[in-house]
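Visitor: Show me how the following folds:
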Amino acid sequence: MGNSESSSLDVAWRSKFSTEEQTFLSVIFDSISGSDTAEETKDGKAPQKQFTLAMLKFIEDMIVSVIHLLQHEKMLKGWNVEKTGDYNLGITRLTAYLMSELKAEGEDLSAEKLHAVEFGQSELKDWVYRVSHIPNFLHALIALALHLTKPQYHGEFFSATQVLPQCLGIKYTGVFTVLDIPSVIYLKSNLPSENQSQWKLLFSSQAHGESFSRFSVQILHKGPTLLIVKDSFGYIFGGFASCSWELKPQFQGDSKCFLFTLSPHLGTFNSTGYNDHFMYLNHGQQTMPNGLGMGGQHSYFGLWIDSNYGQGHSKAKPRCTTYSSPQLSAKEHFTVDTLEVWMVGNPPKNDLDCLGPQIVVREEVWYLQLQDCDWWGRMSGRGNHRGSGAFMMFLQTLSPMDAEKTS
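Guide: Prediction:
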């Protein structure tokens, strides 16, 4: 790195952090890069094994400390460690991901290659400045340690929303999410800014049952969402849908959509620009595939959940054409263990979806509600309310606009 480039990096780095954070980081950098040891190499670079172990320890301790402090200060934003996925595995995966973001001479490095590369303070500063998680974690550590989280400091130095989104939908329920808190932190950082602050659970197979019709009803016209799938082998993966899901036999969405994997490792896969097969949701047709898909093409999706609930596939030989994603599941054809959908960001202003036993005004929801809702079974005479079956038969003959007039 040239002198001018190094100088500009130093200025950018210093503008990113407070004086307290710079002092803290300088001590860490001196220790990790070997500048205070007898084993120091040229340019202040640490021996490879020493560096890798020190960095792993630093990152892991930083993640653990932030989550512990947020929990202690009751600032987990509605998330509950007891109702989320394996905390320790999540920390291990996030640590490995952050380590892989280190670069030498402009190249990305996998965790396996870190042992073969020497790093000094300039590389460390570049990494800290470039990877958004690091300053967010450091801001949190300094603020929490110095008790700068009181109301008078909110919005000035640190807010928990810099690390975690507000969680809605599980706090007062018996629902457990397959997401662990480190994975939530990772996913949040990859979302557009307008989708980072608040997440609401729309569907969980634990709570809503294993029905594709019910699944579809819960996610239609809710704005941007995160689809989370856990297969029978424990792999966790999914996709970000940047637009509301609509029930139709055409592709939808835009290039903000992406696929991701959370277990056994973290990774995101963005649009390649090759095609516009971002999102697909169809049900009840004989001539087109019925299910939910993201990326690829019919019968060969990067991620597919079949309308025959419980079955899916992730096909990529060698990569999904839409997202350049590899096979996300343990096996190409997988069995769903758990399925979740989270609304991310504020609900759309024009959201008219009906809740509970109301007349549904949209054609696709109309069809699905009549197929799968318990209240329809009762009202149509299959339950204890046999006298109202004729009324519901009448409703079946109405168009969505007619139904709207009767409400």
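Visitor: Can you show me the helices along the chain?
Guide: In the chain, the segments counted as helices under DSSP state H are 3-16, 19-32, 48-72, 87-100, 121-130, 133-145, 181-190, 205-208, 212-219, 363-372, 374-377, 389-397, 400-406.
Visitor: what packs against the fifth one?
Guide: Looking back up the chat, that one is helix 121-130. Contacts defined by 3 or more C-beta pairs under 8 Å, 6 or more residues apart in numbering; DSSP states H and E place helix 121-130 against helix 3-16, helix 19-32, strand 103-104, helix 133-145. (Each C-beta comes from the backbone N, C-alpha and C, glycine too.)
Visitor: Can you flag the weakest of the ones you listed by average pLDDT?
Guide: Note on those: lowest mean pLDDT is at helix 3-16, with a mean of 48.
Visitor: Domain map for this protein?
Guide: Under the assignment automatic domain parsing, the domains of the chain span 3-161, 191-344, 363-406.
Visitor: averaging pLDDT over each of these, which comes out lowest?
Guide: Looking at the domains of the chain, the weakest mean confidence is domain 363-406, a mean of 40.
Visitor: Show me which strand runs longest in the chain.
Guide: strand 333-344 (DSSP state E).
Visitor: Does residue 235 touch residue 265 like I think?
Guide: No - in this structure, residue 235 is not within contact of residue 265 by C-beta atoms under 8 Å, at 10.0 Å.
Visitor: These two: which is more packed in?
Guide: Between residue 235 and residue 265, residue 235 has the larger neighbour count (other C-beta atoms under 10 Å), namely 21 against 13.
Visitor: For that one, which non-adjacent residue is closest in space?
Guide: Nearest in space to residue 235, with sequence neighbours left out and distances taken as C-beta to C-beta, 6 or more residues apart in numbering, is residue 330 at 4.7 Å.
Visitor: and if you look at residue 288?
Guide: Going by C-beta to C-beta, 6+ apart, residue 288 has residue 249 as its nearest residue, at 4.1 Å.
Visitor: Next, count neighbours for that neighbour.
Guide: There are 14 residues near residue 249, going by other C-beta under 10 Å.
Visitor: Tell me the spacing between it and residue 136.
Guide: 42 Å (C-beta to C-beta, to the nearest Å).
Visitor: Over to residue 240?
Guide: Applying C-beta to C-beta to residue 240 and residue 136 gives a distance of 20 Å.
Visitor: And those two? Which one has more around it.
Guide: Between residue 240 and residue 136, counted using other C-beta under 10 Å, the more crowded position is residue 240 (26 against 18).
Visitor: Show me what the more buried one is bridged to.
Guide: Beta-bridge pairing for residue 240 (DSSP bridges): residue 226, residue 258.
Visitor: Now do the same contact list for it.
Guide: Neighbour list for residue 240: 190-191, 195, 224-227, 256-260, 344 [criterion: C-beta atoms under 8 Å, 6 or more residues apart in numbering].
Visitor: What is the neighbour count of the residue nearest to residue 235?
Guide: So residue 330, with other C-beta under 10 Å, has 15 neighbours.
Visitor: again with the one 5 residues further on
Guide: Around residue 335 sit 13 other residues, with neighbours defined as other C-beta under 10 Å.
Visitor: show me what contacts it?
Guide: By C-beta under 8 Å, 6+ apart, the residues touching residue 335 are 231, 232, 310, 311, 312.
Visitor: Enumerate the positions of stretch 243-259 that are buried.
Guide: For stretch 243-259, the neighbour count (16 or more other C-beta atoms under 10 Å) marks 243, 244, 245, 247, 251, 252, 253, 256, 257, 258, 259 as buried.
Visitor: Pick out the most distant pair among those.
Guide: 247 and 258 (22.1 Å; C-beta to C-beta).
Visitor: give me the number of residues near the closest residue in space to residue 312 that isn't next to it in sequence?
Guide: Spatial nearest neighbour of residue 312, chain neighbours left out: residue 305 (4.7 Å); criterion: C-beta to C-beta, 6+ apart. Neighbourhood size, residue 305 [other C-beta under 10 Å]: 23.
Visitor: Same question for residue 75.
Guide: Using other C-beta under 10 Å, residue 75 has 18 neighbouring residues.
Visitor: contacting residues for residue 256?
Guide: Residue 256 is in contact with 192, 240, 242, 271, counting by C-beta under 8 Å, 6+ apart.
Visitor: sorry, back to before: residue contacts, the residue nearest to residue 288?
Guide: Here residue 249 is in contact with 282, 285, 287, 288 (C-beta under 8 Å, 6+ apart).
Visitor: need those in a markdown table with neighbour count and distance to residue 56, can you?
Guide: Shown next, in a markdown table, are these (neighbours: other C-beta atoms under 10 Å; distance: C-beta to C-beta, whole Å):
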| residue | neighbour count | distance to residue 56 |
| --- | --- | --- |
| 282 | 20 | 46 |
| 285 | 12 | 51 |
| 287 | 5 | 54 |
| 288 | 14 | 49 |
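Visitor: Max pairwise distance over those: which two?
Guide: Largest pairwise distance in these, by C-beta to C-beta, is 10.1 Å, between 282 and 287.
Visitor: and the end-to-end length of stretch 276-292?
Guide: 15 Å (C-alpha to C-alpha, to the nearest Å).
Visitor: Only the buried residues of it, if you could.
Guide: 277, 278, 279, 280, 281, 282, 283, 289, 291, 292.
Visitor: Thank you, goodbye.
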